[in-house]
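Visitor: coords please:
(2 chains, ligands or ions: 1)
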Amino acid sequence: MTAIPKEQWKERIRDPKIECASRDEMTALQSERLVETVKRVYENVEFYRKKMDDLGVLPGDIKGIEDIGKLPFTTKEDLRDHYPFKLLAVPNERIARVQGTSGTTGKLTVVPYTQRDVDIWGECVARALTMAGLTKEDRIHICYGYGLFTGGMGLDLGVQALGAMAIPMSSGNTKRQMTCMEDFEATAFACTPSYALHLAESMVEEGVVDRLKIRAGIHGAEPWTQEMRKKIESILHINCFDIYGLCEISGPGVAMDCIHQKGLHVYEDYFYPEVLNPVTHEACADGETGELVFTTLMKEALPLLRYRTKDLTDITHGTCDCGRTLPRISKFRGRTDDMKVIRGVNVFPTQVETALLAMGTVAPHYLLIVERENNLDVLTVMVEVDEHYFSDEIRKLDELKTKVGNVLKAALGVSVRVKLVEPKTIERSEGKAKRVIDKRDLS
Amino acid sequence: MISQLSVFVDNRPGSMANITEALSEAGYNIRAFATFDTPEFGILRLVVDKPTEAKEFLTSKGFVVRVQEVIGAELKDERGSLNYMLRKLADGNVNINYIYSFVIRSGKAPVMVLHTGETKEALKLLNEAKVTLVNDDEL
Ligand SMILES: [Zn+2]
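Guide: Residues are numbered from 1 along each chain as shown, chains lettered A, B, ... in the order given. The predicted model follows:
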């Protein structure tokens, strides 16, 4: 298919009353929902009752959304400490399903949902799919994993709410993905960006690109760059959209970017976003980078107050070119979990990707390896060589290595060892991309 | 001139064999072969029959391949002939990036493969020195 340029895009908005509400209307709705949520968690969740008591805050002190700063924070550790159902705000029998995540530490975080929670989740994803120009006529190929992970289920619920056709492929088996995508005439597909790129490359190899009906890609669940988006878009001739979500809050469909790519619109009628200075916890001004914090406004089973995502971003209010007034969060500047402290310097994998792509020559397949030699941190970046810059002369390859090393050193502030490797040596993940291996034993 | 294939390889066991195996399974004949390596990676240089086809084949197998035009020069089977050729090029101020020889050419004179940044100059010098040059179609 062919990608649709911004100028010819016909914007579709699923719920204009909410998505294009005035600030006053939205504030009123959020205030009403926050007051109700606070009352409910204070009455039903011992953890929050204690926390609020410790802070000397009573439900009656929360009169509107402007009082949100008085409320306690929630962290991932709090969720783990109350594993599996100790933060439940409804009777057990009202749990309709659970989803979860294993996270980086391998310890499970479990999230219960009531039927209404599930419905709202689906509604949010349906809004997101509409933002990608999809309607009930579309066939959406879902190659996110199904299971506890929210990716597959979330998209599926959204497709149901939209009334479109779901192709529930789950992840893996690239060959079969391609066959079904072609045979079932899928018009959109959803998966992680790294898997999308892998699929796109495989499609080129198999020569199936021209036979596909795909016009949109919905990608999220891991950080990706603008360059990666452009690469997928140009290989498949489609429009790609960035979907964001986290299972603690709901799943994919917490935020999504529109065709104008001016940040991801947050569904703030359900998930109230704050961006806070990571040190002082003061609210950041629009455009200022801080930690993204969410308060659920309608969640029944697991309502969360001021959940700290550890994602660094900034927020912008004001009407977008698409007509929506939903605030927009920028692409994440990093996640404290992915961040590696190397010789005292904070290094984010996304910085490496941006620096490599800025050189205009190196494919975005790389892997960072952090090791400790003689008590000194050593950072090695493995970069796959590709045809565009492979030279027949060792001297030129050595020059390339040095150049990559210099660019990365300038971008990261630490010295980097560069290792050029054959294409396809670095493992392509079919779930989340592995960008860093930390071999340091710091115990 | 001869069309040579250069393939990027990791310096690890089996990486060269992967390429030669793929080529021979697909029925390509390897006529000259040389490796240049650093501790981490290397370049495998090959002269094969049907180089354009072989390049496409290797690319489809995921290798990074480049076609490079190189000079093929026949060596007279007599003492000092290699030195004679190199001396002529050196005197003409031509710098050779790399040089290697053909594997086997039964009944024929040995051929050297060489690559230089100054191809035109090198060809002129070799012609003047009466060195026989070999092209793809004569292999
Ligand atoms: Zn917009």
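Visitor: Please read off the pLDDT at the closest residue to residue A:145 other than its chain neighbours from the model.
Guide: When the adjacent residues along the chain are set aside, residue A:145 lies closest to residue A:171, with 4.4 Å between them (CB to CB, 6 or more residues apart in numbering or on different chains). Any C-beta I mention is one placed from the backbone N, CA and C, and that applies to glycine too. The predicted local confidence for residue A:171 comes out at a pLDDT of 88.
Visitor: Now do the same for residue A:171: helix, strand or coil?
Guide: coil (DSSP: H, G, I helix; E, B strand; the rest coil).
Visitor: Kindly report the same for residue A:123.
Guide: When the structure is split into helix, strand and coil by three-state DSSP, residue A:123 lands in helix.
Visitor: Counting neighbours, what do you get for it?
Guide: By other CB atoms under 10 Å in any protein chain shown, the residues close to residue A:123 number 20.
Visitor: Now do the same contact list for the nearest residue to residue A:170 once chain neighbours are set aside.
Guide: In space, not counting the residues next to it along the chain, residue A:170 is nearest to residue A:146; the distance is 4.6 Å by CB to CB, 6+ apart. Contact criterion CB atoms under 8 Å, 6 or more residues apart in numbering or on different chains gives A:152, A:153, A:156, A:168, A:170 as the residues in contact with residue A:146.
Visitor: now the most centrally placed residue in chain B, which residues is it bridged with?
Guide: To find the centre residue of chain B, average its C-alpha atoms and take the closest one (CA atoms, centre = their mean): that gives residue B:113, at 4.4 Å. Under the criterion DSSP bridges, residue B:113 forms beta bridges with residue B:72, residue B:100.
Visitor: so it makes contact with residue B:75?
Guide: No: the pair formed by residue B:113 and residue B:75 falls short of the contact definition of CB atoms under 8 Å, at 11.2 Å.
Visitor: overlap in contacts of those two?
Guide: Counting by CB under 8 Å, 6+ apart, the common neighbours of residue B:113 and residue B:75 are residue B:101.
Visitor: quick revisit: among the contacts of residue A:146, which are located in helices?
Guide: Residues of these located in helices (DSSP state H): A:152, A:153, A:156.
Visitor: And the closest residue to chain B within the stretch 1-150 of chain A, what's its pLDDT?
Guide: Closest to chain B within the stretch 1-150 of chain A is residue A:143: 22.0 Å, counting by CB to the nearest CB. Per-residue pLDDT puts residue A:143 at 95.
Visitor: Tabulate the ones in helices among the contacts of residue A:146 (CSV), appending distance to residue A:323, pLDDT and neighbour count.
Guide: As requested, the ones in helices among the contacts of residue A:146 are exported to CSV (distance: CB to CB, whole Å; pLDDT from 0 to 100; neighbours: other CB atoms under 10 Å in any protein chain shown):
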residue, distance to residue A:323, pLDDT, neighbour count
A:152, 31, 95, 24
A:153, 30, 96, 26
A:156, 28, 98, 20
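Visitor: can I see the domain layout of chain A?
Guide: When chain A is parsed with automatic domain parsing, its domains come out as A:6-23+A:110-335, A:340-438.
Visitor: Tell me how far the longest one lies from the chain's centre.
Guide: Yep, that's domain A:6-23+A:110-335 we're talking about. Taking the mean C-alpha point of domain A:6-23+A:110-335 and that of its whole chain, the gap between them comes to 7 Å (CA atoms, centre = their mean, to the nearest Å).
Visitor: ok, and does it reach over to the ion?
Guide: Yes: for domain A:6-23+A:110-335 and the ion, the contact criterion (CB under 5 Å from the ion) is met by A:258, A:260, A:320, A:322, A:324.
Visitor: so which pair among those residues is furthest apart in space?
Guide: Comparing all pairs in the residues of domain A:6-23+A:110-335 next to the ion by CB to CB, the longest separation belongs to A:260 and A:324, at 9.6 Å.
Visitor: Looking at these two, which one has more neighbours?
Guide: residue A:324 (21 against 14).
Visitor: Now for that one: which residues touch it?
Guide: Residue A:324 is in contact with A:13, A:19, A:20, A:258, A:265, counting by CB under 8 Å, 6+ apart.
Visitor: I'd say the third one and residue A:11 touch.
Guide: The reference is to residue A:20. No: between residue A:20 and residue A:11 there is no contact, the gap being 10.6 Å when judged by CB under 8 Å.
Visitor: for the residue nearest to residue A:170, helix, strand, or coil?
Guide: With three-state DSSP as the basis, residue A:146 sits in coil.
Visitor: Show the subsequent helix or strand relative to whatever helix or strand residue B:16 lives in.
Guide: Residue B:16 belongs to helix B:15-25 when assigned by DSSP states H and E. Once the chain leaves helix B:15-25, the next helix or strand it forms, by DSSP H and E, is strand B:30-37.
Visitor: Kindly calculate the angle that that next one makes with helix B:15-25.
Guide: In this structure, strand B:30-37 runs at an angle of 170 degrees to helix B:15-25, with axes from the mean of the first three to the mean of the last three CA atoms, to 10 degrees as the basis.
Visitor: now strand B:30-37: mean pLDDT?
Guide: The predicted confidence, averaged over strand B:30-37, sits at 82.
Visitor: Show residues contacting the helix or strand just after that strand.
Guide: Helices and strands here follow DSSP H and E; after strand B:30-37, the next one along the chain is strand B:41-48. Among residues not part of strand B:41-48, those counted as contacts by CB under 8 Å, 6+ apart are A:385, A:392-394, A:397, A:420-421, B:2-11, B:15-16, B:19, B:23, B:28-37, B:54, B:68, B:98, B:100, B:102, B:113, B:139.
Visitor: Would you list the buried entries among those?
Guide: Among the contacts of strand B:41-48, those that count as buried by neighbour count (16 or more other CB atoms under 10 Å in any protein chain shown) are A:385, A:392-394, A:397, A:420-421, B:2-10, B:15-16, B:19, B:23, B:28, B:30-34, B:36, B:54, B:68, B:98, B:100, B:102, B:113, B:139.
Visitor: Please settle this for me: is residue A:200 part of a strand?
Guide: No: counting by three-state DSSP, residue A:200 falls outside a strand, being helix.
Visitor: Okay, now the unreliable bits of the stretch 151-300 of chain A?
Guide: Applying pLDDT under 70 to the stretch 151-300 of chain A flags the ranges A:278-279.
Visitor: For it, just list every one of the helices.
Guide: Defined through DSSP state H, counting those that start in this stretch, the helices belonging to the stretch 151-300 of chain A, from first to last, are A:174-183, A:193-206, A:226-236.
Visitor: among these, which is nearest residue A:162?
Guide: The closest approach between residue A:162 and any of the helices of the stretch 151-300 of chain A, judged by CB to CB, belongs to helix A:174-183 at 18.7 Å.
Visitor: Is there contact, residue-wise, from stretch A:204-221 to chain B?
Guide: Yes: on the criterion CB under 8 Å from any CB of the partner chain, stretch A:204-221 is in touch with chain B at residue A:205.
Visitor: what's the first-to-last distance across that stretch?
Guide: The first residue of stretch A:204-221 is 24 Å away from its last residue (CA to CA, to the nearest Å).
Visitor: what does stretch A:251-263 give?
Guide: Terminal residues of stretch A:251-263 are spaced 18 Å apart (CA to CA).
Visitor: Output the lowest mean pLDDT helix or strand found in chain B.
Guide: The weakest-scoring helix or strand in chain B, judged by mean pLDDT, DSSP states H and E, is strand B:30-37 (a mean of 82).
Visitor: how many degrees apart are that strand and strand B:41-48 in direction?
Guide: Interaxial angle of strand B:30-37 relative to strand B:41-48 (the same axes, to 10 degrees): 170 degrees.
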